[in-house]
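In: Let me see the structure of the following:
(2 chains)
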Number of protein chains: 2
Amino acid sequence: MKAYRANIIYTPSLDDLRTIRQGVIIVDDNGLIVEVSKSIQDRFKDLSVKDFGDCLLIPAFTDLHLHASQSPIRGLGYDRESDWFTGFCYPAEHRYGRIEYARVLNAELVQALWEQGTMCANIMCTTHVESAIDLFEQYVKTGMSAAIGKMNSDYGAFGEALETTEISICETIDLIRRTLGKSELVKPTIAPEFAPACTGQIMKILGELAREHGLIVHSHMCEGNFDNKMVATRFPEEKLYAEVYGKYGLFGQTTTVMAHCISCTDKEINMMAGNSVVLAHCPVAIFNGQLDCPLPVIRKFMDAGVPVGIGSDIGGSHALSIPQNMVAAIHMSKLIPGFEPLTLAEVFHMATKGGGTVFGKVGSFETGYSFDALIIDDSRWNRHIDYTLEERLSRYIYCGDSRDITHRYCAGKEVTKVC
Amino acid sequence: MKAYRANIIYTPSLDDLRTIRQGVIIVDDNGLIVEVSKSIQDRFKDLSVKDFGDCLLIPAFTDLHLHASQSPIRGLGYDRESDWFTGFCYPAEHRYGRIEYARVLNAELVQALWEQGTMCANIMCTTHVESAIDLFEQYVKTGMSAAIGKMNSDYGAFGEALETTEISICETIDLIRRTLGKSELVKPTIAPEFAPACTGQIMKILGELAREHGLIVHSHMCEGNFDNKMVATRFPEEKLYAEVYGKYGLFGQTTTVMAHCISCTDKEINMMAGNSVVLAHCPVAIFNGQLDCPLPVIRKFMDAGVPVGIGSDIGGSHALSIPQNMVAAIHMSKLIPGFEPLTLAEVFHMATKGGGTVFGKVGSFETGYSFDALIIDDSRWNRHIDYTLEERLSRYIYCGDSRDITHRYCAGKEVTKVC
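Out: Numbering: from 1, shown residues only, chains lettered A, B, ... in the order given. Predicted structure coming up:
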């Protein structure tokens, strides 16, 4: 058992930001939280307390959607009209097929996520299974948590298919065989690129694999009107994106994360809620993209009961920092008339417990939750005024960066360095 | 004379991003650029060249609008409906009246601007003249460039007036008397808070002072429909913001910077162009604010011929980084249908030459321009792919931060440290 003292901030629910000045968290030997309290209780009085003084102690961030191959194109091609996919994304994914290169990129990505305080990441690799397995193996060594998928793309949505159905399935099975059960913290996922890039045949088999092995499903949905139209054309029987995924067992039959959901109909939002499908909201990527539909109303998803997390979506986004994405989520919500803008507490919940739900009891400081935490030395933002803890959190989220993170914990263990 | 070699990037005009691989800039003993070329010319061959290897060499940033008192409220109050002014802004400005506190805040601000590579800053202080003079004196010691104004606010736009007309004028004259001509790089400005917070009487005198001493005028204009309505009510004869400022000699009679201009009419945009009034576009502040009008169409200003620079507008914005504001400017422009989004070249021009125009020949690498420059070691963003120089600039602007800046020059001299 261990005890940690600092200024504790967490959000057990969307509208409940809890702060405890100089609070104490007790963590058991399995890395699970036993108790959070204002002062150390008698029964724990013999525990030595690791005291972080006036620092903040917050749940670590979860990045619910990012592409392993796309770090090298962060910050490129956002001011062009239509060639981001062919000009930047596909070449980056193609390069990732060379395993020596993928190894280097994976090492840098893991290091960058560590630096950002992202202790859980839901990562889509490319179609190349060896690169995904390498990322898995590198992750296992770090002590951080991740869900890693090999992308399936057997139908040429924008040209030639990237792989045959048969090879795609074989490689997915290979990924599962070589990774499932090898780590408590790192898991394989089922990751079809998106419905327009998949045949019905492969989606059916992927759904079966997900159910058979209890795997997280990770894909994209409703990235805009053009995307929706592709689905309506390709799948005229279902028409709706959610129905296509649902038909093939890729929509809540196991834990499911859908990225973007910009152009969702109300019906689809309700289907997500009804099937506990988690939204990976990627606001910076939306700002960077070429929007062909209204901005997504995240409050609609929240009101319907859809669990919402935050995704960096690099390289559609330049910002790997989850705080930067939280700020963008607030900005975006303010541009939508008729709906209350998102609050700091709400986006903080999304960035921690909202996304963490995909990984189990992660992202909060409630009893039984995994101790995934960051120590924030916000002294450079905490001068001159007697700030409340909520204000200190706000200053760190808006103004701070990875330089302010001094300690990182995942599953109760400190992650001091990853390379 | 000095010579500098690196990968040079600059924008002589909005649509002209120039890049020179391993180019050379020759700077004379007055800090002015003599020549920019692909290789060192014969007549300079005896000069020793300071070689920055594969780094980028770009014009330093100009921050065209920020509030000296508001660093401590960066990141606060953006998710509340209406009390940012009374809850955060005014208390911050009030505290700045205590000179001992202002001294500390000024030192931190100067240091923070240096860190961000902002070699020129157009700063609005509060009504307290001693704090403004302290900032002036601290700035003079740094070797960086700034325009510093004591705010005038003699009419209670949101309550009681902050000062009487007489004291406000006396203190402005005091600022001019104690600072004008004391520095080549740091200048006093005329800085009425905004028309609704000023009497016609004071604006008339301020206009006269600006003309008499050839001072920059720095104020706010058209911060939204509510702001416009206040002006229409207070100044029924003129009705338009630009006409009010124009009537009192505060609209282009001397170099004039107007921040925000969110709710400008087309007529006002044309008046800005006709009077060479410079727009300080503050996109992050707009995203943080409570918008009550459509987003500003910056391309309309550009097309009309209005010079456009970028302002951080801290504390309405959390982001002191000009690159972060450049990205926000692009994001904002993409949300406006019917107008071409801003390009990287365009916002880079705004952040350098566009804002620099207020300070003279600043912000470009053309002959006769002041050598205000940054050396960017972008090696952490420049791996794996053979990027063009424009792509390297884009990666730095989107993904980089102050850690990537290794050297800062203002007026031909290196500014190694400011405190």
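
In: residues in the stretch 151-300 of chain A within reach of chain B, list them.
Out: A:287, A:288, A:290, A:291, A:295 (CB under 8 Å from any CB of the partner chain). Every C-beta, even on glycine, is put in place using the N, C-alpha and C of the backbone.

In: tell me the contacts of the closest residue to chain B within the stretch 151-300 of chain A?
Out: Residue of the stretch 151-300 of chain A nearest chain B, by CB to the nearest CB: residue A:287 (4.1 Å). With contact set as CB atoms under 8 Å, 6 or more residues apart in numbering or on different chains, residue A:287 has these partners: A:328, A:331, A:332, B:331, B:334.

In: can I get the residues of the stretch 151-300 of chain A next to chain B in TSV with pLDDT?
Out: TSV is the format used below for these (pLDDT from 0 to 100):
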residue	pLDDT
A:287	97
A:288	96
A:290	88
A:291	87
A:295	97
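
In: Filter these down to the buried ones.
Out: Buried members of these, scored by 16 or more other CB atoms under 10 Å in any protein chain shown, are A:287, A:288, A:291.

In: okay, the residues you listed in JSON lines with distance to residue A:343 and secondary structure next?
Out: Below are those laid out as JSON lines (distance: CB to CB, whole Å; DSSP: H, G, I helix; E, B strand; the rest coil):
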{"residue": "A:287", "distance to residue A:343": "19", "secondary structure": "helix"}
{"residue": "A:288", "distance to residue A:343": "24", "secondary structure": "helix"}
{"residue": "A:291", "distance to residue A:343": "24", "secondary structure": "coil"}
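
In: Looking at the residues you listed, which is nearest residue B:151?
Out: Among those, residue A:287 lies closest to residue B:151 (CB to CB), at 32.8 Å.

In: measure that closest one to residue A:69 for me?
Out: 22 Å (CB to CB, to the nearest Å).

In: Also residue A:300?
Out: 32 Å.

In: okay, the two: which has more neighbours?
Out: A direct count of neighbours by other CB atoms under 10 Å in any protein chain shown for residue A:300 and residue A:69 places residue A:69 higher, at 31 against 15.

In: Contact distance from chain B - what residues of the stretch 1-150 of chain A qualify?
Out: Counting by CB under 8 Å from any CB, the stretch 1-150 of chain A sits next to chain B at A:72, A:73, A:74, A:75, A:76, A:78, A:79, A:95, A:101, A:104, A:105, A:108.

In: Just the buried ones from those, in ChimeraX syntax?
Out: Filtering those down to the buried ones (16+ other CB under 10 Å) takes a single ChimeraX command:
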select /A:72,73,74,75,76,78,79,95,105,108
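
In: Which two of the residues of the stretch 1-150 of chain A next to chain B have the greatest separation?
Out: Pairwise over the residues of the stretch 1-150 of chain A next to chain B, using CB to CB, the maximum falls at A:79 and A:104, 28.2 Å.

In: so who does the residue nearest the centre of chain A touch?
Out: By CA atoms, centre = their mean, chain A has its centre lying nearest to residue A:64, at 1.1 Å. By CB under 8 Å, 6+ apart, the residues touching residue A:64 are A:122, A:257, A:259, A:278, A:280, A:309, A:310, A:311, A:355, A:358.

In: residues near whichever residue of the stretch 251-400 of chain A sits closest to chain B, how many?
Out: Closest contact between the stretch 251-400 of chain A and chain B, by CB to the nearest CB, is at residue A:398 (3.2 Å). If you count neighbours by other CB under 10 Å, residue A:398 ends up with 23.

In: For the residue nearest to the centre of chain A, what are phi and psi?
Out: According to degrees, to the nearest 10, the main-chain angles of residue A:64 amount to phi -90, psi 0.

In: distance of the nearest residue to residue A:171 once chain neighbours are set aside from chain B?
Out: If the residues on either side of it in the chain are set aside, residue A:171 comes closest to residue A:129, at 3.8 Å by CB to CB, 6 or more residues apart in numbering or on different chains. Distance, residue A:129 to chain B, by CB to the nearest CB, to the nearest Å: 21 Å.
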